[in-house]
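Student: Quick check, what structure comes out for this input:
(2 chains)
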Amino acid sequence: MKELREKTPGMSQENRGDETVPAEAPSDLTPFQENWIRLRQNKAAIVGLMIIVVFVLVAVLAPLIAPMSPIEQNIAIRKSPPLTESHILGTDDLGRDLLSRIMYGARLSMTIGIVSVGIAMVGGVVIGTVSGYYGGLIDRIVMRFIDIMLAFPYVLLTIVIVAVLGPSLTNAMIAIGISQLPRYVRLVRASVLAEKEADYVLAERSLGTGNLELMFGSILPNSLAPVIVQATLGVGEAILSSAALSFLGLGAQPPTPEWGLMIASSREFVTSAWWIVTFPGIATLLAVLGFNLFGDGLRDVLDPRMKD
Amino acid sequence: MAETLLEIENLHVSFYTVRGIVRAVRGINLDIRQGETVALVGESGCGKSVTAHAITGLLPMPPARIDAGRIVFDGRDILSIPPKEHRALRGVRISMIFQEPMTSLNPVFKIGDQIADVFRFHHKLDRKHAWNKAVELLDLVKIPEPEKRAHEYAHQLSGGMRQRVMIAMALASPEPGLIIADEPTTALDVTIQAQILHLLAQLQEKIGVSVLLITHDMGVVAQIAHRATVMYAGRAVEQGSVEQIFTAPRHPYTKGLLNSLPGNPKYREARRLEAIPGTVPDLRTLGDGCPFANRCPHPGKKCLTTFPDGFSEGGDHQAWCWYPDGPPEGEAVGADRDSSSTAKE
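Tutor: Residues are numbered from 1 along each chain as shown, chains lettered A, B, ... in the order given. Just a heads-up that it's a prediction; the model follows:
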C-alpha cells in the first residue's frame, strides 16, 4: 500500500472535502457518552442510580461502617425500639442491632442480585445467540425447551430447583439464575434473528469472518441493548426472589442477616415490635425500586425507537 | 492478453422454495482477466447478484443449490473445494462491496476498528499497526482527515463516505485479486456516484485488481467497464466489449435497454422515454424457449421452444438470439405485434 501511494504523489489531495459531514453534527461523542447525556435528563433513572450506588457502597463498606456486629446477641436489650441508645433502628428479638444487620444484608442482596442475573444473562445470551444464529433444528429444540421452562410459574420453578439442590444461599442464586434464563434466551434470540439479516453481517462474511466471530463479535454487540435493560430490572427481581426463598426457609439459613430471612423470623412480632419486620422490608423495597427505576430509564435511552 | 483470473462455465443456480423451483441462473459463461472490469448488467431479479454470491460462496444453501457449472478462480474450481478453503478466499483474494453503504457497516464499532479488524484477522498485525494501516487506507480512498474519521461510527458518515469505507475494507485484504461490486452506486446520488466510480477505476489501475461490477445502470457500465455481459431472466443474452455492446448491439433486449437511456440522441426533442413493453417472466414457470420472447419486438416460432445458440460477432462479442434482424417470412409470431414494436430501429 505504501509504495502505491508514493508512486502517485498528490492523489491523496484531490477530490477531498467534497462530502464532509455538516459541522453541527455531534461527531465527537461516542455512543456511550451520548447515552449518558440522555440518561442524565431522566430524573427517575438518576434517583434509581443513586439508590443503587448507596446500596453498593453500604454493601462494600459494611464491615467498616456498621456500628455493631450483625450476629452478636444481647438478650438484655432484645426488641428495643428504634433510637434506643446506640441502636438507631432498634434491635431484633435476640438483641442484635438492626441497622448493622441490614447493612450486612445489603452485601448478600447485592451479591445474590448480581450473581443470579449473571448466571441467567451469560447462559441466556450464549444459548439465545447460538439458537438464533443457526436456526433450524437447534433453534427448534432450544425454543421448545424454553417454552417448557416458561410453562412453570416462576416461583414454583425456583422452589423446585432449590428443593432439588438443597436449601442454601448459593443454591438459591443458581435457582433464580436458571429460572430467569428463559427470558434472556428469548430476548437475545429475537434480536439476533433480526440482526443476522443485516447487510453488515453479509459484508463481514464476505471478508471471511467465521461463525463464532460473527455471532459474538458482530451480531451480539448489536443485540445487547434489550439485554442490559432486562438485566437491570432482573437484579431487583432476583433480590425479591431471594428474599422470598429465604422467607420460605429455602434460601439463607439463620443467623445470616438476609433481608427475607429477617422478615420471616420476626413476622410474629409484627404487632408488638413493628420495626424488626419493617426495616428489612423497607431496605428490600428501596433496593428493588432503585434497580427498577434505573432499568426503566435505561430502556428509554437504549430503545432505538426512542432515538431521534 | 492478460491472464484469466476468474472463469465461470455454464453456471446453473436454482432456489428450491415452497412455491416452486426458481431457476435464477441458467447457464452463465463469464471470464474476467487480470486487472479488468467486467460488468454484469440486467434488471432486478435477472440473476446477477446470485451469480456474484455463487462466486463468494455466500448463497444461502438451502434454499439455493448450484445445479451445474464450474467457477474457476486462480486455476481452482471453487465450487468443488471444501467450504473452509472457500472461506479462506473471502477477504483474502475475493472481496465484496455492497449496494447499501448505509447498512453494510457494523453500527456499534468505529470504522477504523472495522478496517483494522481485517488487518488483524488476515495479516495478523497487532492492534496499533492494524489501526495505522486502516488510517492509511482511509487516506487512499480519499477520506478527508482520516485520523479523525477513523474514530467515527458509521452513522456519522455520509453515504459516499461509507461507500469509500467499504472500498477501503475490500482493499484491506492481503492479496486483493477480485473485487465484486454489487450495485456500488445505486444508493448514492449522481455526483457522489461519479466520484465513487472514478475512485474505483483509479484504484483498480494502481493496484491491478479485477472488478466484477454488478449493475442495472448502462450509464455506469459505459463509464468504467471494459467488457459487459447483459443478463435477462437468468440467461446471458449478449456479451462483449463495452464498445461493441454500445455501438453495435445485436440482441433485441440490449437494443431495448440502450434505446431507453435518456442520453440517447433521439431524445433531444422527445418528451417521453421509451420502455421495453411487458414485464420480466416468472422464473418458476419459464420454459426452454428464449425468456425474452414475450417482450421481443420480432419473435419467431423457434424462439418460443428453444433457447438460441450463441453466435459470434467477431472477437468476444456474442449474442444469443435466433433472429437478431427479425425472423424470415412465415416464421414470425403474431404479425400484429410487429407494428407496435418500439425497440426496432
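
Student: measure B:Ala130 to B:Val209 for me?
Tutor: Distance, B:Ala130 to B:Val209, using CB to CB, to the nearest Å: 21 Å. C-beta: built from backbone N, CA, C; applies to glycine.

Student: and what of B:Pro297?
Tutor: Per CB to CB, B:Pro297 is found 39 Å from B:Val209.

Student: For A:Pro81, which three-state class applies?
Tutor: coil (DSSP: H, G, I helix; E, B strand; the rest coil).

Student: right, and it touches A:Ala273 too?
Tutor: Yes - between A:Pro81 and A:Ala273 there is a contact under CB atoms under 8 Å: 7.4 Å.

Student: So for those two, which residues contact both of them?
Tutor: Counting by CB atoms under 8 Å, 6 or more residues apart in numbering or on different chains, the contacts common to A:Pro81 and A:Ala273 are A:Gly90.

Student: Need the pLDDT of the closest residue to chain B within the stretch 51-200 of chain A.
Tutor: Nearest residue of the stretch 51-200 of chain A to chain B, counting by CB to the nearest CB: A:Asp199, 4.1 Å away. As predicted, A:Asp199 sits at a pLDDT of 81.

Student: Could you tell me which residues make contact with it?
Tutor: A:Asp199 is in contact with B:98, B:100, B:103-104, counting by CB under 8 Å, 6+ apart.

Student: returning to that earlier point: neighbour-wise, which of A:Pro81 and A:Ala273 wins?
Tutor: Neighbour count, other CB atoms under 10 Å in any protein chain shown: between A:Pro81 and A:Ala273, A:Ala273 has more, with 19 against 13.

Student: Nearest residue to that one in space, please, no chain neighbours.
Tutor: Residue nearest to A:Ala273 in three dimensions, not counting chain neighbours: A:Lys79, with 4.5 Å by CB to CB, 6 or more residues apart in numbering or on different chains.

Student: rewinding a little: need the contacts of A:Asp199 in CSV (columns: distance to chain A).
Tutor: Formatted as CSV, the contacts of A:Asp199 follow (distance: CB to the nearest CB, whole Å):
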residue, distance to chain A
B:Phe98, 5
B:Glu100, 5
B:Thr103, 4
B:Ser104, 4
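
Student: biggest separation within those, which pair?
Tutor: B:Phe98 and B:Thr103 (8.4 Å; CB to CB).

Student: which of those two has more neighbours?
Tutor: Remark: of B:Phe98 and B:Thr103, B:Phe98 carries more neighbours, 25 against 18, as counted by other CB under 10 Å.

Student: Pretty sure B:Leu188 sits against B:Ser158.
Tutor: No - using CB under 8 Å, B:Leu188 is not in contact with B:Ser158; the gap is 9.3 Å.

Student: Give me the more crowded residue out of the two.
Tutor: B:Leu188 (21 against 16).

Student: So the more buried one: helix, strand or coil?
Tutor: Quick answer, by three-state DSSP: B:Leu188 is coil.

Student: In space, what's closest to it - neighbours in sequence excluded?
Tutor: Leaving aside its chain neighbours, B:Leu188 sits nearest to B:Gly159 (5.3 Å; criterion: CB to CB, 6+ apart).

Student: who's in contact with A:Ala175?
Tutor: Taking CB under 8 Å, 6+ apart, we find A:Ala175 in contact with A:157-159, A:161-162, A:165, A:245.

Student: For B:Ile276, state which of the residues you listed is nearest.
Tutor: Proximity of the contacts of A:Ala175 to B:Ile276 (CB to CB) peaks at A:Leu157, which lies at 63.9 Å.

Student: thinking again about what came up before, correct me, but the residue nearest to B:Leu188 touches B:Ala187?
Tutor: Yes - between B:Gly159 and B:Ala187 there is a contact under CB under 8 Å: 6.1 Å.

Student: Now the common contact residues for these two.
Tutor: Between them, B:Gly159 and B:Ala187 share these contacting residues under CB under 8 Å, 6+ apart: B:101-102.

Student: just for chain B, where's the confidence low?
Tutor: B:1-2, B:263-271, B:330-345 (pLDDT under 70).

Student: That one: helices as residue ranges?
Tutor: Secondary structure of chain B (DSSP state H): helices at B:48-56, B:83-89, B:111-122, B:127-140, B:146-149, B:159-171, B:190-207, B:218-224, B:242-247, B:252-259, B:301-305, B:335-340.

Student: Over to the stretch 151-300 of chain A?
Tutor: A:154-165, A:169-195, A:199-206, A:211-212, A:220-223, A:225-247, A:259-265, A:274-302 (DSSP state H, counting those that start in this stretch).

Student: Just put those helices in JSON lines and tack on distance to B:Leu5.
Tutor: Below are the helices of the stretch 151-300 of chain A laid out as JSON lines (distance: least, CB to CB, whole Å):
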{"stretch": "helix A:154-165", "distance to B:Leu5": "60"}
{"stretch": "helix A:169-195", "distance to B:Leu5": "34"}
{"stretch": "helix A:199-206", "distance to B:Leu5": "17"}
{"stretch": "helix A:211-212", "distance to B:Leu5": "28"}
{"stretch": "helix A:220-223", "distance to B:Leu5": "35"}
{"stretch": "helix A:225-247", "distance to B:Leu5": "43"}
{"stretch": "helix A:259-265", "distance to B:Leu5": "70"}
{"stretch": "helix A:274-302", "distance to B:Leu5": "46"}
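
Student: Let me know which of these is tucked in deepest.
Tutor: Among the helices of the stretch 151-300 of chain A, helix A:259-265 has the highest mean neighbour count (mean count of other CB atoms under 10 Å in any protein chain shown), at a mean of 25.

Student: Report the rounded mean pLDDT for it.
Tutor: Averaging pLDDT along helix A:259-265 yields 84.

Student: cool, and stretch A:99-108?
Tutor: Across stretch A:99-108, the average pLDDT comes to 88.

Student: likewise stretch A:146-162?
Tutor: Here the average pLDDT along stretch A:146-162 is 89.

Student: And for stretch A:59-71?
Tutor: Rounded mean pLDDT across stretch A:59-71 is 81.

Student: Buried residues in it, which are they?
Tutor: For stretch A:59-71, the neighbour count (16 or more other CB atoms under 10 Å in any protein chain shown) marks A:59, A:62, A:66, A:68, A:70 as buried.

Student: And the first one, how far from A:Thr278?
Tutor: This means A:Ala59. 21 Å.

Student: what's the angle from the lengthiest helix in chain A to helix A:169-195?
Tutor: The residue-count maximum for a helix in chain A (DSSP H) belongs to helix A:98-134. Taking axes from the mean of the first three to the mean of the last three CA atoms, to 10 degrees, helix A:98-134 and helix A:169-195 form an angle of 40 degrees between their directions.

Student: So which elements touch helix A:98-134?
Tutor: helix A:43-65, helix A:136-151, helix A:169-195, helix A:220-223, helix A:225-247, helix A:259-265, helix A:274-302 (3 or more CB pairs under 8 Å, 6 or more residues apart in numbering or on different chains; DSSP states H and E).

Student: Relative to B:Val50, which of the ones you listed is closest?
Tutor: Comparing the helices and strands packed on helix A:98-134 under CB to CB, the one sitting nearest is helix A:136-151, at 22.1 Å.

Student: returning to that earlier point: dump the residue contacts of the residue nearest to A:Ala273.
Tutor: A:Lys79 makes contacts with A:90-93, A:95, A:269, A:272-273, A:276, as judged by CB under 8 Å, 6+ apart.
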